[in-house]
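>>> Got a sequence here, can you model it:
(2 chains)
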Number of protein chains: 2
Amino acid sequence: MLDIREEIIQFVENNCIDEKWYDFNHPADIAEALEGLDTEALHRFTALMDLENLARIIELANVDLQLEIINSRTNEDIIEIFSYMSTDNITDILGNLTIDKRKSLLKQMKQGEANILTKLLGYDTESAGGIMTTEYIILKEELSKKEALSKIAEIGPRTEIIDIIYINNKKDELVGTVDLRELLNVSDEVTLAEIMDENLIAVTPDVDQEEVAYLVAKYDLTAIPVINKNKKMIGIITVDDIIDVIEEEHTEDMLRLAGVHEEESINSPLGKSVTRRLPWLAVDLGMTFLSAFIVSLFEDVIAQVVVLASVLPIIANMGGNAGNQSLSVVIRGIALGDLDLNSENGKILLKEGLLGLINGAVIGFFAATVMYIIHGNPYLGLIIFLALTLNLFIAGLLGFLIPMGLKIMGFDPALGSSIFLTTILDIVGFFVFLSLAKIFINLLL
Amino acid sequence: MLDIREEIIQFVENNCIDEKWYDFNHPADIAEALEGLDTEALHRFTALMDLENLARIIELANVDLQLEIINSRTNEDIIEIFSYMSTDNITDILGNLTIDKRKSLLKQMKQGEANILTKLLGYDTESAGGIMTTEYIILKEELSKKEALSKIAEIGPRTEIIDIIYINNKKDELVGTVDLRELLNVSDEVTLAEIMDENLIAVTPDVDQEEVAYLVAKYDLTAIPVINKNKKMIGIITVDDIIDVIEEEHTEDMLRLAGVHEEESINSPLGKSVTRRLPWLAVDLGMTFLSAFIVSLFEDVIAQVVVLASVLPIIANMGGNAGNQSLSVVIRGIALGDLDLNSENGKILLKEGLLGLINGAVIGFFAATVMYIIHGNPYLGLIIFLALTLNLFIAGLLGFLIPMGLKIMGFDPALGSSIFLTTILDIVGFFVFLSLAKIFINLLL
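Modelled structure (predicted):
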C-alpha cells in the first residue's frame, strides 16, 4: 500500500502517469491508497488520470472518496465518468450527492439514461430495486444459436455477467435462462427456447436486500433477475453486490445487538461514535435503575446478611452471559433463514428454556458448593442454586423471546437485544435471589 | 415447501417420478423438502431418481442428508453421482465419510481422479486448498481467438465459470486472464496474449479461507485462482463458495463472541447445545467468583452503607454494555479488514478510551444526579460519577485490547471476548467503586 502511495506522489511531482502502471496495480488498491492521501495531492493526481481509469477507481472507492472526487469535477467530466460505470454504481453515487447537483447532472444527461437512473433512484436503497443494475443480456426465445452469439458479442461488453443469458417470450416476459456453456455446445440452428432452463428464481424490486442475499446463497446463483409485476425483466443483481449486502447486514446485526448504530465503524470520528452509542447507554441506564431499585427493596435483608451483596454479581453476570449465548444462536438462526415465524417456535423455545435449566442447575450446583465451602451455610448454597437455575432458565427463554418479539413487532430482531436481555435478567435474577433470602432469612443468620 | 414434500410422497406411492417435475422445482428446494422426510420415504424416493438429478440435489443438501443418501448407495452408484459433481463438493463429501468408505471409494475410482481428490483432501478444510475446485479453463497465451473459442466450447461444460479464462505461458505459469466478453469482440486471429489482463489476484492453497473471502470482496472478483509455488494454477474458488465462507465466518464470530461453540445452531440437539455452551459458562463462573470476592472484601463498608449494594448492578451493567459496544465495533473492524496489527492501533485505542470516558461522564452525571435526588447525599452521587466514568473508560480500552490481544496471541479475536470483558469490568468496576466508598465512608454515613 505504501508503495502505491509513494508512486502516486511521484506521479504528482512529475505531472504525468506512466500508463503501464495501471497494468500492475488493481483499481481497488489504487482506491485504497488514495483514501489515505491529502486532498490537494488527491485532486492533483486524479486530474492527471484519464476518465476511464478514474471511473474504475471510483467504483471501488469508499463513499467519502467518491464524493471528494466527483464533487471536484465538472458535470461534463462526471457524465463521461458515468459512461464507464454500471447503473447500480451510478445510482449509489447520485444518491449521495446534494439534490441540486443530482438534478443538474440528470438534466445534462441523455434523456433515456436519465430516465433509467431516476427510476432506480426511486427504489429503497436496501431493496432489490435499489441494488440492481440494468446491464444484462436478454434475448428472444426464438433466436438461433448463431443469432444469439452475434447479439452476445455485441451487447456482452456492456453487461455485468455473460455466462447466463436471460430469455424473453413474445410478450416480453422473462421465461428462462440459457447457460452460455450449453449454448456454445449446440449446433448453429438450435433455438434458445429449445435449450432454455425454465426453472427461474427471480425477485420483484420491492424485495428486501437481505431476502435477495438469502435466495442467492440458497440457490448458489451468480446473479438474480429482477422482474416487474408484468414479469418483464427490469434489472439484475450480481453476486459481488450480494457479498456487500451480506457484509452490511452482518455488521448491522452485530452492532445493533450490542446497541451500536449500524453505521459505526472503527474509523468513525469520535464525536459521531459518542452520539451513536450514547442513546442505547441511556436506555440501559434507565433500565438499570430498575434493577438498583429492586436491590434497594431488600436493603434490610442485605444489612443483616451482607454476604448476599457479593453474590449479586454472580447472579447478574451468569444470567447475562447465558442469555447472550441463546441470543446469538437465535439471531444467527434468523439471519441464516433457519428460524422464522413459521418455524416450530414452541419447540425451539422449549429447547432454549431446557438448555438454560440444565446449564443453570450445573452452574448453580458448583456455585452453591463453593459458597457453602467458603461460608459454611448450606441454605446460602441452596438459594444460590435455586436462583441461578431459575435465572439461566429465564435467560434461555428471553434469548429466544426478545429477538422473536422484536421481529413480530416489525423491528430488527438484533436491535439492542443484548441490552434489554442483560438488564431484564438482572432485575429478575436479583428479585428471585433476594426474595428467597428474605423468606429464609432465619436460616441464613 | 409442503407442496414439494407432498408431491414427493405421491411419487413414492406411484413408484415413479414425472420427469417434467424437475423443470419446475429447483434442486435446492427439493433438497430442503427431503431434509424433513422420514428415512424410509427418503430412500424410496431417491431410489427412483436418476443419478444426475440426485447429484444436483446432494450438492445443495446439508451434511446430514448428504451422508444419509451417499451411505445408502453402492460404490458404483456413488462414483457415477460424483461424475456429475465438481471436485470441491466431492472432496467435502469424502471428508465426511468414514475412513474405510473413503478409501474403498478412492480405490474404485479412475487413478487420475483419485489422485486429484486425495490431494484436495490433504488441504486444511478452512484453507484456499480446502475450498477450491479443479474445474476451470486455462489456455496457452499463444492461442488465437478461434482456437480459444473451440477449446472453450469443448471444456466449458465441465467448468465452474466461463466468463474468465485463465492464461498460461510456456512454463505453465499462470500469467493473466481474458474476459470472455472481450474475446468475443476481437477478430479471429488475435491471440490471447494480446488481450490478456496481467493484473492477477491469486492465492496459494495454504491461505486461510477468511483471507480469500476478504480478497474476493475487496477486488469484486467472480472467482480467484489458486496457484502453487511455481505459479502453476492448481484450482479455482468461485464466489458462490465464498458466500458460504462469509456466512460461516460470520456465524463463528457472532457465536464465539458470546462464548458459544461455532457449530451450534438453532437446530442442534439439546445435549450437544448443553456441552457446547457449558464450558464457557464454567470459565465465566470461575471469573465471577473473583468479582464476588472483591465485593466480599468490602462487606464492612456495605454493612454500614447498604445503599451501595443497589449501585453495584448499575456499575456492572453499564460497564458491560459499553464494553460490548466497543468490542462489537472492533471485532467487526477486524473481520472487515479495516483493523489489523499494522493499523494505527494507538490512535484507535485512544479513541475507544476517550469515547468511554465521554460516555462514562455523561452517563455518570445522570446516574449521580438521580441517586442524589433519591438519597440526598451529594458524595454518593460523586463516587457514582467517578466510578462510572472510570469503568466506561476502561470498558472502551478493554473492548479494543481483549480482541487485539487474542489476535496477537494467535487466537480468534472473538473467542469468548464478551465473557472475559464483562467479568473483568465487574471486577475493576466494583473495586474502584467500593474503594472510593471506603475512602469517603465518613461522608456517606
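>>> quick one: low-confidence ranges for chain A?
Residue ranges of chain A with pLDDT under 70: A:1-2.
>>> Quickly list the domain ranges of it.
Per automatic domain parsing, the domain ranges recorded for chain A read A:2-122, A:138-238, A:270-444.
>>> My guess is A:Val203 contacts A:Asn228. True?
No - counting by C-beta atoms under 8 Å, A:Val203 does not reach A:Asn228; the two are 10.8 Å apart. Glycine gets a C-beta too; all of them are placed from N, C-alpha and C.
>>> who's more crowded, these two?
More crowded of A:Val203 and A:Asn228, by other C-beta atoms under 10 Å in any protein chain shown: A:Val203, with 22 against 13.
>>> give me the beta-bridge partners of the more buried one?
Counting by DSSP bridges, A:Val203 forms beta bridges with A:Val226.
>>> Most tightly packed of the domains of chain A?
Ranked by mean neighbour count, these are led by domain A:270-444 with a mean of 21 (mean count of other C-beta atoms under 10 Å in any protein chain shown).
>>> Endpoints of it, how far apart?
Domain A:270-444 has an end-to-end distance of 50 Å (criterion: C-alpha to C-alpha, to the nearest Å).
>>> Where does the residue of the stretch 301-445 of chain A found nearest chain B sit: helix, strand or coil?
At 3.4 Å from chain B, A:Gly333 is the closest residue in the stretch 301-445 of chain A, using C-beta to the nearest C-beta. What DSSP: H, G, I helix; E, B strand; the rest coil gives for A:Gly333 is helix.
>>> dump the residue contacts of it.
Listed by C-beta atoms under 8 Å, 6 or more residues apart in numbering or on different chains, the contact set of A:Gly333 reads A:Leu339, B:Ser265, B:Ile266, B:Asn267.
>>> Output those in a markdown table; the columns should cover secondary structure.
Below are the contacts of A:Gly333 laid out as a markdown table (three-state DSSP):
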| residue | secondary structure |
| --- | --- |
| A:Leu339 | coil |
| B:Ser265 | coil |
| B:Ile266 | coil |
| B:Asn267 | coil |
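>>> Most neighbours among those, which one?
Within the contacts of A:Gly333, most neighbours by other C-beta under 10 Å means A:Leu339, with 25 neighbours.
>>> Measure how far stretch A:183-197 is from the centre of its chain, please.
39 Å (C-alpha atoms, centre = their mean, to the nearest Å).
>>> Check stretch A:147-154 too.
The chain centre lies 38 Å from the centre of stretch A:147-154; the measure is C-alpha atoms, centre = their mean.
>>> Only C-alpha atoms, please: export that stretch in PDB.
Taking Å, rounded to 0.1, in the frame of the first residue of the first chain, the C-alpha atoms of stretch A:147-154 are listed here in PDB:
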ATOM      1  CA  GLU A 147     -28.000 -15.100 -34.000                       C
ATOM      2  CA  ALA A 148     -27.700 -15.300 -30.200                       C
ATOM      3  CA  LEU A 149     -23.900 -15.400 -30.300                       C
ATOM      4  CA  SER A 150     -23.600 -12.400 -32.500                       C
ATOM      5  CA  LYS A 151     -26.000 -10.400 -30.200                       C
ATOM      6  CA  ILE A 152     -24.000 -11.500 -27.200                       C
ATOM      7  CA  ALA A 153     -20.700 -10.400 -28.800                       C
ATOM      8  CA  GLU A 154     -22.400  -7.000 -29.500                       C
END
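>>> neighbouring contacts of it?
With contact meaning C-beta under 8 Å, 6+ apart, stretch A:147-154 is reached by A:Ile137, A:Leu139, A:Leu143, A:Ile162, A:Ile165, A:Val178, A:Leu180, A:Leu183, A:Leu192, B:Leu184, B:Asn185.
>>> Repeat that for stretch A:411-424.
Stretch A:411-424 has contacts (C-beta under 8 Å, 6+ apart) with A:252-254, A:256-259, A:280, A:283-284, A:287-288, A:290-291, A:316, A:319-320, A:323-324, A:327, A:330-331, A:334, A:395, A:398-399, A:402-404, A:406-407, B:317, B:320-321, B:324.
>>> Contacts only, for A:Leu139.
A:Ala148, A:Lys151, A:Ile152, A:Ile165, A:Tyr166, A:Ile167, A:Asn168, A:Leu192.
>>> That one and A:Val295: what is the separation?
72 Å (C-beta to C-beta, to the nearest Å).
>>> Excluding residues flanking it in the chain, which one is nearest whatever residue of the stretch 151-300 of chain A ends up closest to chain B?
In the stretch 151-300 of chain A, the residue found nearest to chain B is A:Ile266; the distance is 3.3 Å by C-beta to the nearest C-beta. Excluding the flanking residues, the one nearest A:Ile266 by C-beta to C-beta, 6 or more residues apart in numbering or on different chains is B:Gly333, at 3.3 Å.
>>> Close to chain B: what parts of the stretch 1-150 of chain A are there?
Counting by C-beta under 8 Å from any C-beta of the partner chain, the stretch 1-150 of chain A comes close to chain B at A:Tyr22, A:Asp23, A:Phe24, A:Asn25, A:His26, A:Ala28, A:Leu60, A:Leu149.
>>> tell me the SS of A:Ile236?
Going by three-state DSSP, the state assigned to A:Ile236 is strand.
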